[in-house]
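In: Task: produce atomic coordinates for the following.
(chains A, B, C and D)
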Protein chains: 2
Amino acid sequence: MSERSQSITMRDVAEHAGVSSSSVSRALSGSRSMNPDVRERVLRSAEVLGYEVNLLGRALRQQRLNVVGLILPDFSNPFFAAMAEHLGEVFRAAGFELLVSSAGDDLSTERHAVSSFLGQQIQALVIIPKDETESREALEAASRRIPTVQFDRRVATSGVPYVGCDNRAGIELIARHVRDVTPQGERVVFVGAGVSSSSARERREAFAALMPDALFLDGTFDVEWGHQAARLLLERSERGGTIVASADVIALGLQSELQARGRRIPQDFRVIGFDGIGVTGYALPALTTVRQPIEEMCAAILELISRDGLHPESTEVLLAPELVHGKSTVLEEDGAVAPLGG
Amino acid sequence: MSERSQSITMRDVAEHAGVSSSSVSRALSGSRSMNPDVRERVLRSAEVLGYEVNLLGRALRQQRLNVVGLILPDFSNPFFAAMAEHLGEVFRAAGFELLVSSAGDDLSTERHAVSSFLGQQIQALVIIPKDETESREALEAASRRIPTVQFDRRVATSGVPYVGCDNRAGIELIARHVRDVTPQGERVVFVGAGVSSSSARERREAFAALMPDALFLDGTFDVEWGHQAARLLLERSERGGTIVASADVIALGLQSELQARGRRIPQDFRVIGFDGIGVTGYALPALTTVRQPIEEMCAAILELISRDGLHPESTEVLLAPELVHGKSTVLEEDGAVAPLGG
DNA sequence: TTGAAAGCGCTAACAA
DNA sequence: TTGTTAGCGCTTTCAA
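Out: Next up, the predicted model:
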């Protein structure tokens, strides 16, 4: 590579324009009380020299960096990815830069990511805590210093504001639908994702309360677990039934494994997911799922962060999900399939 | 929220321990030449006061922040997400923090993300440039200041080091396989993703060179385009054929739409993807695809960044992909499907 | 309206 | 081994 250019500082611009660095600062920040000619001259000099502000110097002086951090457990979960994308847009529109860091599904990495963000004096932190209890320390460390919002998963006793979808309400929508579509005598199965994240636990508990006779399997939030759960079910000689997965990625794994083993969906097994974001376009048949209101959630997060300090008591925002009917639970009514050859 | 704590500085720790702030700095950085007792005392004071280093102060002084940035066009592409995850691990192991920013598939946002990272004095930048020509300015602005590597997509004439998979080689593997599995007289279709990103263009051109008689359709790197392309094909009254998609997400959309419209895979249509990451577990039947060597790519990026400056000439690292056989192109040999009831 | 000066928190050169 | 001091680039009083 060619030599890197030395970075141009305000001093350089000031000298070039024949003013003091205060004037450069004022010109760049658009201060009102300033001679327009001088401002022009400064801006031109900055342009000519290719000046770009050193945000570290600014942040050190101002005691804040115009950045909001997002820590998620794992980029590879499409729901989190969709969330990161949308949250970025929302913060950008509000004048913040969103920087994202993955905890690599590891507690010490998560803790490290928090420290690093704090050390960088970011303005606020949004975090999807990996673990319902073990993430507390990291979460509280952040909350002690900057406005912090937990999203999707929460450390219950932390007192840190939380935004998520109403998992119980979502599960109720699903349970009602399950009753509608499950034939007499067929099994209902809930394929969960452990109990160490609050969303997994809440969904599982809500389902257990409504359908205590269901069969419960527990794994992780990924496709592989869906495949594995399907194999487990078939090994148990289940011939059919309705399967509720606690995430769309799991539901997709279930569907594809069941189909690969010759089971028909929805005739033999019906499959229902949860999230409604990111992967539903991959599914065949289209997945019946509960859509989390991602736009409202992002708006709520921004709101909480902006208003931080005005509401001293801890806050919890639960937004209503909606059931999206796919073909993974109900046969097409028209039964029409376009004939070969279009 | 409760009051945020004032941040504790080295001064505070120094006073508490009864030493100078230089000693605090030394204790924390693990300098050899230091009285172990003093170090102990300092570390204890830091612990007691809950001191955490202000990385901005450090970075301003040291003229570098121990962070590497990654800018990608879009979190929602599972290949990019997988890449971000893996790259994070690799950099973490090498002692860097990886912060990720999305360009939101927009050039001015991409440009802004670059400026912001540069302003934060990060150590190096990895970027998947959105556009083969329009991203040049942002890319070169970065490269002028810090070690910069383009990944997956490139701005050809920029002279900025590039790491990617050998798209031509990948397409050759695919073309050979296409010849093997396509019945006499059946159509070969290439479903691309425009020509404004280098990877899309390279794959398309390589395929066109090998199979000029194929039908070429162009769209974007997402599932929706896969669905749409499938509909286009059926409208053209294609009854069957082999479809090569320039990304797995497109291939998944194609498969699910074709199947939803009653076509069988691989009997009627065979589908081949490109990327080999993350999404293949979702596919039914399992996708035949070209797997990009993601681990080697990440290693190459780290290597390039670490060695930056030693190799003045521009560098290009093309790594070999491999064909992964799925069932989307070939019928199972044993034809066995587990009987109902396991 | 402008400039001089101080200082954000840190580290590193230098002196003791 | 330790402390003193200077200064990274910036913004913000305070004076002029």
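In: Let me know the helix or strand that A:Val126 is in.
Out: strand A:122-127 (DSSP states H and E).
In: Identify the residues contacting that strand?
Out: Contact with strand A:122-127 is made by A:64-72, A:87, A:96, A:99, A:114, A:117-118, A:135, A:138-139, A:142, A:146-151, A:301, A:305, A:308, as judged by C-beta atoms under 8 Å, 6 or more residues apart in numbering or on different chains. Quick note: C-beta positions are derived from backbone N, CA and C, even for glycine.
In: interface residues of the stretch 51-200 of chain A facing DNA strand C?
Out: Contact residues, the stretch 51-200 of chain A versus DNA strand C (C-beta under 7 Å from any atom of the strand): A:Gly57, A:Leu60, A:Arg61, A:Gln63.
In: Of those, which is the nearest to B:Ser20?
Out: A:Leu60 (20.8 Å; C-beta to C-beta).
In: Name the next helix or strand following whichever strand or helix holds that closest one along the chain.
Out: Using DSSP H and E, A:Leu60 falls within helix A:55-62. Downstream of helix A:55-62, the next assigned helix or strand under DSSP H and E is strand A:65-72.
In: Would you mind listing what in chain A touches DNA strand D?
Out: A:7, A:9-11, A:21-22, A:24-26, A:28-29, A:53-54, A:56-58, A:60-62.
In: Select only the buried ones of those in PyMOL?
Out: Burial among the residues of chain A next to DNA strand D is assessed by 16 or more other C-beta atoms under 10 Å in any protein chain shown; the matching PyMOL selection reads:
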select buried, chain A and resi 9+10+24+25+26+28+53+54+56+57+58+60
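In: out of the residues of chain A next to DNA strand D, which touch chain B?
Out: Filtering those for neighbours of chain B using C-beta under 8 Å from any C-beta of the partner chain leaves A:Ser7, A:Val53, A:Asn54, A:Leu56, A:Gly57, A:Leu60.
In: which one among these gets closest to DNA strand C?
Out: Set against DNA strand C, the nearest of these by C-beta to the nearest atom of the strand is A:Leu60 (4.0 Å).
In: quick one: low-confidence ranges for chain A?
Out: A:1-2, A:309-314, A:332-342 (pLDDT under 70).
In: Could you chop it up by domain?
Out: Structural domains assigned to chain A are A:3-165+A:293-321, A:167-292+A:324-339, following automatic domain parsing.
In: will you turn those into TSV that also has distance to B:Thr242?
Out: Below are these laid out as TSV (distance: least, C-beta to C-beta, whole Å):
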stretch	distance to B:Thr242
domain A:3-165+A:293-321	28
domain A:167-292+A:324-339	19
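In: just checking, next helix/strand downstream of the helix or strand A:Val290 falls within?
Out: Assigned by DSSP H and E, A:Val290 belongs to strand A:289-291. As assigned by DSSP H and E, the chain's next helix or strand after strand A:289-291 is helix A:294-306.
In: That following helix near chain B at all?
Out: No - contact between helix A:294-306 and chain B is absent, the nearest approach being 9.6 Å (criterion: C-beta under 8 Å from any C-beta).
In: and that helix with strand A:122-127, angle?
Out: Using axes from the mean of the first three to the mean of the last three C-alpha atoms, to 10 degrees, the inter-axis angle of helix A:294-306 relative to strand A:122-127 is 140 degrees.
In: Which strands or helices does helix A:294-306 pack on?
Out: Counting contacts by 3 or more C-beta pairs under 8 Å, 6 or more residues apart in numbering or on different chains; DSSP states H and E, helix A:294-306 packs against helix A:78-93, strand A:122-127, strand A:148-151, strand A:162-165, strand A:316-319.
In: possible to save the ones you listed as JSON lines with distance to A:Asp222 and mean neighbour count?
Out: Output for the helices and strands packed on helix A:294-306, formatted as JSON lines (distance: least, C-beta to C-beta, whole Å; neighbours: other C-beta atoms under 10 Å in any protein chain shown):
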{"stretch": "helix A:78-93", "distance to A:Asp222": "10", "mean neighbour count": "22"}
{"stretch": "strand A:122-127", "distance to A:Asp222": "20", "mean neighbour count": "25"}
{"stretch": "strand A:148-151", "distance to A:Asp222": "19", "mean neighbour count": "26"}
{"stretch": "strand A:162-165", "distance to A:Asp222": "20", "mean neighbour count": "24"}
{"stretch": "strand A:316-319", "distance to A:Asp222": "25", "mean neighbour count": "16"}
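In: so which of these comes closest to B:Lys327?
Out: Comparing the helices and strands packed on helix A:294-306 by C-beta to C-beta, helix A:78-93 comes nearest, at 22.9 Å.
In: if we can go back for a sec, for the helix holding A:Leu60, packing partners?
Out: For helix A:55-62, the elements it packs on are strand A:65-72, helix B:55-62, helix B:107-119, judged by 3+ C-beta pairs under 8 Å, 6+ apart.
In: Return the most buried member of those.
Out: For the helices and strands packed on helix A:55-62, the largest average neighbour count (mean count of other C-beta atoms under 10 Å in any protein chain shown) is found in strand A:65-72, namely a mean of 25.
In: in its sheet, what does that one sit against?
Out: Partner strands and pairing direction for strand A:65-72 (DSSP bridges) are strand A:97-102 (parallel), strand A:122-127 (parallel).
In: closest to A:Arg270 out of those?
Out: With C-beta to C-beta as the criterion, A:Arg270 lies closest to strand A:97-102 of the strands paired with strand A:65-72, at 33.9 Å.
In: Which residues does that closest one contact?
Out: A:66-75, A:84, A:87-88, A:91-92, A:109, A:113, A:116-117, A:122, B:75, B:84-85, B:88, B:97-102, B:112-113, B:116.
In: Buried residues in that strand, which are they?
Out: For strand A:97-102, by 16+ other C-beta under 10 Å, it's A:Glu97, A:Leu98, A:Leu99, A:Val100, A:Ser101, A:Ser102.
In: export those residues to CSV and tack on distance to A:Ala286?
Out: As requested, these are exported to CSV (distance: C-beta to C-beta, whole Å):
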residue, distance to A:Ala286
A:Glu97, 36
A:Leu98, 31
A:Leu99, 35
A:Val100, 29
A:Ser101, 33
A:Ser102, 30
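In: Which single one of these is nearest to A:Trp225?
Out: Nearest to A:Trp225 out of the buried residues of strand A:97-102 is A:Ser102 (C-beta to C-beta; 19.5 Å).
In: What's opposite that closest one in the beta bridge?
Out: Beta-bridge pairing for A:Ser102 (DSSP bridges): A:Leu72.
In: Surely A:Thr182 touches A:Val244?
Out: No - using C-beta atoms under 8 Å as the test, A:Thr182 is too far from A:Val244 to be in contact (10.3 Å).
In: Going along the chain, name the strands of the stretch 151-300 of chain A.
Out: Remark: strands assigned in the stretch 151-300 of chain A by DSSP state E, counting those that start in this stretch are A:162-165, A:187-192, A:215-218, A:241-245, A:269-272, A:289-291.
In: quick one: the longest one near chain B?
Out: No - taking C-beta under 8 Å from any C-beta as the criterion, strand A:187-192 and chain B are apart, separated by no less than 12.7 Å.
In: That strand pairs with which strands?
Out: If you go by DSSP bridges, strand A:187-192 pairs up with strand A:215-218 (parallel), strand A:241-245 (parallel).
In: Tell me where the stretch 151-300 of chain A has helices.
Out: Applying DSSP state H, counting those that start in this stretch to the stretch 151-300 of chain A gives helices spanning A:167-181, A:198-210, A:223-235, A:248-260, A:294-306.
In: Which strands or helices does the fourth one pack on?
Out: Judged by 3+ C-beta pairs under 8 Å, 6+ apart, helix A:248-260 is in contact with helix A:78-93, strand A:187-192, helix A:223-235, strand A:241-245, strand A:269-272.
In: For those, could you give me JSON lines that also reports distance to A:Arg201?
Out: Listed next are the helices and strands packed on helix A:248-260 as JSON lines, based on distance: least, C-beta to C-beta, whole Å:
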{"stretch": "helix A:78-93", "distance to A:Arg201": "17"}
{"stretch": "strand A:187-192", "distance to A:Arg201": "8"}
{"stretch": "helix A:223-235", "distance to A:Arg201": "16"}
{"stretch": "strand A:241-245", "distance to A:Arg201": "15"}
{"stretch": "strand A:269-272", "distance to A:Arg201": "18"}
